[in-house]
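[1] just a sequence and a predicted model for now, questions to come.
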Amino acid sequence: MKATLRRLLFIAFLCANLVAAQTSAKQYECIQLRVVGVCIWIVCTPFGCDIDVTLKIGHFNPDVMVTVMNPQGVDRVEDPKRIDTFNRNHNNLIYQDALAVGHPLTGLIYCPSNTTAASPYFSAQLDSPSWRWGGLDALNPASWVPGLREIGRWPLNKWGNIYPRTGWTIQHAQPKAAAVVAHRVGDIITRDGQPHVYRSILGEPVFVEDNKLTWSPGSLIENSNEEGWWQPTSPKMEQCLVFGENDTLALRGWGGGRVSKTGDYVHALWRPYTCCEIDDGALVVIDFMPFPTPVITH
């Protein structure tokens with residue numbers, strides 16, 4: 001147990017230095033590193049039982065970077081009363097391409113990840129028929145039932161619909177449109193058997209890697225961090241958040257100060273993992289707390 005505590009403190013020290021050197025305090029807030037339980041390993045013989053305990057650690061891993069690209073740039077018609085844009089020349093119907101690759105820091109914190117750094121998982125160019133025209137997504141009830149699978153709370157705080165998962169959005173705020181597209185990509189790649197061209201990062205519910213027993217997150221859901229949350233990375237670095245914030249009464253809106261001059265946006269998808277080091281014997285797992293701590297938009 002003491003050896004495990006020493007390893008945990010050393011890992012925490014390395015994580016703190018890694019974050020300080022390669023990322024920022026904002027990314028450290030994304031990790032949410034904590035002890036969430038214990039794994040008890042029991043070996044019994046005719047002469048008695050030997051019990052070893054390893055800590056069950058929970059934290060978010062930066063799994064993928066999703067880049068959202070606007071082929072039209074910022075040349076779109078904008079409401080002249082809005083102050084959250086550099087260029088007031090765009091309309092509400094926006095098409096955007098997207099690319100998802102493994103985050104450069106994936107799997108480097110403590111628990112292993114289901115992704116590999118720089119590995120491609122989605123490209124709108126390869127998924128062109130479904131990404132441009134909807135494909136089989138158009139048959140999903142969420143594509144035509146208002147309020148079903150929406151980012152934000154329909155009807156008063158509607159950022160955009162998840163389905164159909166295409167590059168098209170109807171949204172006057174460019175940062176919100178990019179966020180909706182990024183979440184659509186995350187929705188696709190965190191599921192198996194979707195009618196798109198992609199590589200799934202869902203993974204096995206439980207897997208073994210680096211001598212750690214690891215519990216994977218499930219499929220991404222909207223308006224909650226239960227299975228993952230987002231870190232806006234470009235045009236500026238921010239803390240992790242859940243898309244769908246109610247900005248109805250805000251003067252500038254969520255898009256204020258977030259508009260990209262190039263029309264391109266980058267969001268990192270952080271997903272929650274828990275794991276413990278493997279020892280010999282039968283396993284009993286005791287959880288101290290749920291992980292992650294819920295963050296829900298209203």
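    Noted; the coordinates are in hand. Residues are numbered from 1 along each chain as shown.
[2] for the closest residue to G135 other than its chain neighbours, grab the count of nearby residues.
    Spatially, and ignoring its direct neighbours in sequence, G135 is nearest to P195 (5.4 Å; CB to CB, 6 or more residues apart in numbering). Using the backbone N, CA and C atoms, a C-beta is placed for each residue, glycine as well. Close neighbours of P195, defined as other CB atoms under 10 Å, add up to 16.
[3] who's in contact with the closest residue to N246 other than its chain neighbours?
    Nearest residue to N246, sequence neighbours excluded (CB to CB, 6+ apart): N157, at 4.4 Å. By CB atoms under 8 Å, 6 or more residues apart in numbering, N157 lies in contact with 244, 246-248.
[4] out of these, which is nearest to D287?
    Using CB to CB, G244 comes nearest to D287 of the contacts of N157, at 28.0 Å.
[5] neighbours around the closest residue in space to P141 that isn't next to it in sequence, how many?
    Nearest residue to P141, sequence neighbours excluded (CB to CB, 6+ apart): L148, at 6.2 Å. When neighbours are defined as other CB under 10 Å, L148 has 14 of them.
[6] again with E227
    Burial of E227 is recorded as 17 neighbouring residues (other CB under 10 Å).
[7] and P104, by the same measure?
    Neighbour number of P104 under other CB under 10 Å is 13.
[8] so how far is P62 from it?
    Distance, P104 to P62, by CB to CB, to the nearest Å: 8 Å.
[9] got it, and I201?
    Distance of I201 to P62, given as CB to CB: 12 Å.
[10] one more: G167?
    Taking CB to CB, one finds G167 at 24 Å from P62.
[11] kindly report the same for P120.
    The spacing between P120 and P62, counted by CB to CB, is 16 Å.
[12] the more surrounded of those two?
    P62 (27 against 14).
[13] for the stretch 151-298 of the chain, what are the low-confidence residue spans?
    298 (pLDDT under 70).
[14] which stretches of it form strands?
    Ranges of strands in the stretch 151-298 of the chain, per DSSP state E, counting those that start in this stretch, are 157-161, 168-170, 206-209, 212-215, 229-234, 265-277, 282-287.
[15] quick check: closest non-adjacent residue to W229.
    Nearest residue to W229, sequence neighbours excluded (CB to CB, 6+ apart): C240, at 4.8 Å.
[16] and S200, by the same measure?
    Nearest non-adjacent residue to S200, counting by CB to CB, 6+ apart: D192, 5.1 Å away.
[17] give me the neighbour count for S200.
    The burial count for S200: 16, using other CB under 10 Å.
[18] my guess is it contacts S216. True?
    No: applying CB atoms under 8 Å as the test, S200 and S216 come out as separate, 11.5 Å apart.
[19] residues in contact with S216?
    Per CB under 8 Å, 6+ apart, neighbours of S216: 114, 202-207, 273.
[20] could those residues go into CSV alongside distance to Y265 and neighbour count?
    Shown next, in CSV, are the contacts of S216 (distance: CB to CB, whole Å; neighbours: other CB atoms under 10 Å):
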residue, distance to Y265, neighbour count
N114, 24, 23
L202, 24, 16
G203, 26, 20
E204, 31, 10
P205, 31, 10
V206, 34, 11
F207, 32, 14
Y273, 25, 25
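[21] between these, which sits nearest W131?
    Nearest to W131 out of the contacts of S216 is L202 (CB to CB; 19.7 Å).
[22] contacts only, for that closest one.
    The contact partners of L202, by CB under 8 Å, 6+ apart, come to 114, 190-192, 216, 218-219.
[23] measure it to C275 for me?
    17 Å.
[24] same thing with E226?
    18 Å.
[25] now do the buried residues in the longest strand along the chain.
    Taking DSSP state E as the criterion, the chain has its longest strand at strand 48-69. Judged by neighbour count (16 or more other CB atoms under 10 Å), strand 48-69 contains these buried residues: 52-69.
[26] same check, this time on stretch 257-269
    By neighbour count with 16+ other CB under 10 Å, stretch 257-269 contains the buried residues 258-260, 263-269.
[27] from these, which is closest to P294?
    Proximity of the buried residues of stretch 257-269 to P294 (CB to CB) peaks at L269, which lies at 17.8 Å.
[28] the closest one bridge partners, please.
    Beta bridges link L269 to V64, W230, judged by DSSP bridges.
[29] can you give me the helices in the chain?
    2-22, 25-31, 128-133, 174-189 (DSSP state H).
[30] picking that back up, got the contacts of S216 as JSON lines, with distance to A173 columns?
    Putting the contacts of S216 into JSON lines (distance: CB to CB, whole Å) gives the following:
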{"residue": "N114", "distance to A173": "32"}
{"residue": "L202", "distance to A173": "30"}
{"residue": "G203", "distance to A173": "33"}
{"residue": "E204", "distance to A173": "38"}
{"residue": "P205", "distance to A173": "37"}
{"residue": "V206", "distance to A173": "40"}
{"residue": "F207", "distance to A173": "39"}
{"residue": "Y273", "distance to A173": "32"}
